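Enquirer: When you get a sec, could you give me coordinates for this:
(2 chains)
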Protein chains: 2
Amino acid sequence: MLPPTLAWEGEVPGRVRLLDQTLLPGEIALLEIRTASGMADAIRRLAIRGAPAIGVAGAFGLVLGLQEEDVPDAAALLALGRRTASFLRATRPTAVSLVRGLDRTLARVERESAAGAAPDALRRAALAEARAILEEDREACRRIAEEGSSLLRDGQGVLTHCNTGALATTGIGTALGIVLHAHERGMRLRVFVGETRPLLQGSRLTALELRAAGVEVTLLPDSAAGSLLRSGRIGVVLVGADRIARNGDVANKIGTYPLALLAREHDVPFHVAAPIETIDPRIAAGSAIPVEERGEEEVLSLGGRRVAPEGVKVFNPAFDVTPARLVTGIVTEAGRIPAPDEGRVVEFLHRCGRARE
Amino acid sequence: MLPPTLAWEGEVPGRVRLLDQTLLPGEIALLEIRTASGMADAIRRLAIRGAPAIGVAGAFGLVLGLQEEDVPDAAALLALGRRTASFLRATRPTAVSLVRGLDRTLARVERESAAGAAPDALRRAALAEARAILEEDREACRRIAEEGSSLLRDGQGVLTHCNTGALATTGIGTALGIVLHAHERGMRLRVFVGETRPLLQGSRLTALELRAAGVEVTLLPDSAAGSLLRSGRIGVVLVGADRIARNGDVANKIGTYPLALLAREHDVPFHVAAPIETIDPRIAAGSAIPVEERGEEEVLSLGGRRVAPEGVKVFNPAFDVTPARLVTGIVTEAGRIPAPDEGRVVEFLHRCGRARE
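Expert: Got it, this is the predicted structure:
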């Protein structure tokens, strides 16, 4: 059993305990984070990753920032909060949950400040909001897992990508949560995981979570997904999302789009599992989603050793965009959006009371 | 300038010098191979790789086998040759050039044995045949490079996969030979190369050859090819082949099939460059091509360090099959086969006088 992805210790002032995911599966080490810049560093270097988890981490990072400075009044605390949120927001641009976690925590501080609360009360309010975000994420995962398990069949081969489990959230996970929930209820699944270059979240994290739960897991180079799908061994492809546009286009870990195309070619359903907050109605289409480009050393070196000659360039986007027409359905905590397009996504958000976010 | 992929030193008895490609790009080391089993080991561990190169290596490996034992007569030498060929043939099952190199060298020994030659004359005949195979490979590469360069346009982005250059052949290469030839003639190309997990032939070998020639090269994780093609930066995809079925299906390095599917999705031409001997008319369709599965440690470990938890399985096919309908054309030393299908492939082989092979 792994320690929690993220936990707050104490009240205000308090600190965050993070499981350092860069060292998994070989080493289980906890980080103690006491400052917003410590949190920003942990997010940037992927000590904590996964869209829902960094949404929660951002909110707690803001709480840390608010307790770092003595301020004369609420206005000064609010200004500090805005600076901290802006700084944390810039760590990773693609996952909208980070933006949402920060905006929501900051809005709570703004509201209570407008109502006349003093700095310490505002810090406690921010912590309460961050805790609420964490609890809601946990609950969203639970519901996604229940909602999604009807997509699976006993004995089926499931292909997933990157890590969307407990390590990517503060609950059971999204796409992987569905698999783990179905397994707990006695369904026998054979799970296939792309290793997920360059940082191997599939090999390091997803394989770890699945083996810990006793699920059969087979790793493959990402490039072998075509052969696997052609072999007929996969009944469903199940992935997470970092941001979903209003038209249903899905930004997710690099390599997701080729999987979706292969799934269509082989008539295999391709499902995306994500909390509703992953849907960003302000973004009309996937082409407008900001895609993070990561450092070239992730591709040029392997285990600290240079593998490529000098003088080469690198193309290393962390995410890609899968067009909505390749998505069989989106599983959320409030139900599914089948064959997503703008009409269905907007209608769904209206139904959930989330259209104006 | 790298040493030659493979060279024979001396006459009979002689030995093979191989560049150990497993140590590139960091270290340039030559192996001296004196026995057929030494050659088998070099082929199996990919010290020499690339379909054309292992075709030549197999032939010289057979010559090494023939000089390892004293035999009383031609019949005993022929029996030794058959055992050695069978042993070498089993090292890697997918590339048909290995089978062809061995069969052809053995057939020469059989012919001259039937004509009454003594063991030493037979050994010299085998060496002459292996040398002819090497020279023909070199010449086929040269012609493929000329034939294929009309597919490229100045300023174009070219996507390739694995290594199909001088290191994969005994000449300038196949798909990469086209690029290198066009570059030598002054065409400015931007070449994008998938790193080619698990053994990183793209990062280690193709990037090395391109940089040595002064070509601009950008590496990407294999899973980023979808984003790259969507970006519009690629004008043509150019790959090699390990075996081509009678219907035009192409077996090549794992990850080729997803590239072909992505190329079609983005209306980018997808060309395969290979010597005619890569076409195997005895194989009706790609599903009948034997695909090598390689060891799980290639996926479970990175630079000698285990990256996955215990208890996981691995799916690690070295090759995949691209259906002919996704192939824009096949470039050979005797011209191109556009939109390959059984009719066009068989007609092409007839025209080249190779239909009965």
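
Enquirer: Longest helix in chain A, please.
Expert: Looking across chain A with DSSP state H, the single longest helix is helix A:119-148.

Enquirer: how about whichever residue of the stretch 51-200 of chain A sits closest to chain B, secondary structure?
Expert: Nearest residue of the stretch 51-200 of chain A to chain B (Cβ to the nearest Cβ) works out as A:Arg197 at 4.2 Å. Using the backbone N, CA and C atoms, a C-beta is placed for each residue, glycine as well. Secondary structure, DSSP: H, G, I helix; E, B strand; the rest coil: A:Arg197 is coil.

Enquirer: List phi and psi for the nearest residue to it once chain neighbours are set aside.
Expert: Closest residue to A:Arg197 apart from its sequence neighbours, by Cβ to Cβ, 6 or more residues apart in numbering or on different chains: B:Pro221 at 4.2 Å. Here is the backbone geometry of B:Pro221 (degrees, to the nearest 10): phi -60, psi 140.

Enquirer: If I look at B:Pro221, what pLDDT would I see?
Expert: The score at B:Pro221 is 98. That number is its pLDDT.

Enquirer: Likewise for A:Leu2?
Expert: On the pLDDT scale, A:Leu2 gets 89.

Enquirer: correct me, but it touches A:Gln21?
Expert: No: if you go by Cβ atoms under 8 Å, A:Leu2 and A:Gln21 don't touch, sitting 9.6 Å apart.

Enquirer: Now the common contact residues for the two.
Expert: Taking Cβ atoms under 8 Å, 6 or more residues apart in numbering or on different chains as the criterion, A:Leu2 and A:Gln21 both touch A:Leu167.

Enquirer: Of the two, which one has the most company?
Expert: For A:Leu2 and A:Gln21, the more surrounded residue by other Cβ atoms under 10 Å in any protein chain shown is A:Gln21, and the numbers stand at 27 against 16.

Enquirer: can you list the domains in chain A?
Expert: A:6-142, A:146-352 (automatic domain parsing).

Enquirer: How far does the first one stretch from one end to the other?
Expert: Start and end residues of domain A:6-142 are separated by 17 Å (Cα to Cα, to the nearest Å).

Enquirer: do the same with stretch A:166-181
Expert: End-to-end distance of stretch A:166-181 (Cα to Cα): 11 Å.

Enquirer: Please tell me how far the residue nearest to the spatial centre of chain A sits from A:Thr322.
Expert: When Cα atoms, centre = their mean is applied to chain A, the residue found nearest the centroid is A:Ala51 (2.0 Å). With distances taken as Cβ to Cβ, to the nearest Å, A:Ala51 is found 15 Å from A:Thr322.

Enquirer: hang on, the earlier thing: list the contacts for the residue nearest to A:Arg197?
Expert: Neighbour list for B:Pro221: A:197-198, A:222, A:254-255, A:299, A:316, B:194-195, B:197 [criterion: Cβ under 8 Å, 6+ apart].

Enquirer: Equivalent analysis for A:Ala145, please.
Expert: Counted by Cβ under 8 Å, 6+ apart, A:Ala145 has contacts A:172-173, A:177-178, A:180-182.

Enquirer: in the residues you listed, which two residues are the furthest apart from each other?
Expert: Across these, the longest distance by Cβ to Cβ is 12.0 Å; it joins A:Gly173 and A:Ala182.

Enquirer: Compare those two and say which is more crowded by neighbours.
Expert: Taking other Cβ under 10 Å, A:Gly173 and A:Ala182 do not tie; A:Gly173 has more neighbours (29 against 24).

Enquirer: So which residues of the stretch 51-200 of chain A form strands?
Expert: Chain-ordered strands for the stretch 51-200 of chain A, with DSSP state E, counting those that start in this stretch as the definition, fall at A:157-160, A:190-194.

Enquirer: And the helices in chain A?
Expert: When assigned using DSSP H, the helices of chain A occupy the ranges A:36-44, A:51-66, A:74-89, A:96-114, A:119-148, A:175-184, A:201, A:207-212, A:225-230, A:256-265, A:297-300, A:342-351.

Enquirer: quick one: A:Trp8 from chain B, how far?
Expert: Using Cβ to the nearest Cβ, to the nearest Å, we find A:Trp8 at a distance of 28 Å from chain B.

Enquirer: Not including adjacent chain positions, what is the nearest residue to that residue?
Expert: According to Cβ to Cβ, 6+ apart, the nearest residue to A:Trp8 is A:Gly14 (5.5 Å).

Enquirer: In contact with that neighbour, which residues?
Expert: Contact analysis of A:Gly14 by Cβ under 8 Å, 6+ apart lists A:8, A:63, A:67, A:127.

Enquirer: can you pull the contacts of A:Pro205?
Expert: For the record, residue A:205 is Leu, not Pro. With the criterion set at Cβ under 8 Å, 6+ apart, A:Leu205 makes contact with A:21, A:24-25, A:163, A:165, A:167-168.

Enquirer: Could you pull up phi and psi at whichever residue of the stretch 1-150 of chain A sits closest to chain B?
Expert: Of all residues in the stretch 1-150 of chain A, A:Pro25 sits closest to chain B, at 4.4 Å by Cβ to the nearest Cβ. The phi and psi torsions at A:Pro25 (degrees, to the nearest 10) take the values phi -90, psi 0.

Enquirer: That one - how many residues pack around it?
Expert: Using other Cβ under 10 Å, A:Pro25 has 21 neighbouring residues.

Enquirer: Excluding covalently adjacent residues, which one is nearest to the residue in the stretch 251-357 of chain A positioned nearest to chain B?
Expert: Using Cβ to the nearest Cβ, the closest approach of the stretch 251-357 of chain A to chain B is made by A:Gly255 at 2.9 Å. Nearest residue to A:Gly255, sequence neighbours excluded (Cβ to Cβ, 6+ apart): B:Ser223, at 2.9 Å.
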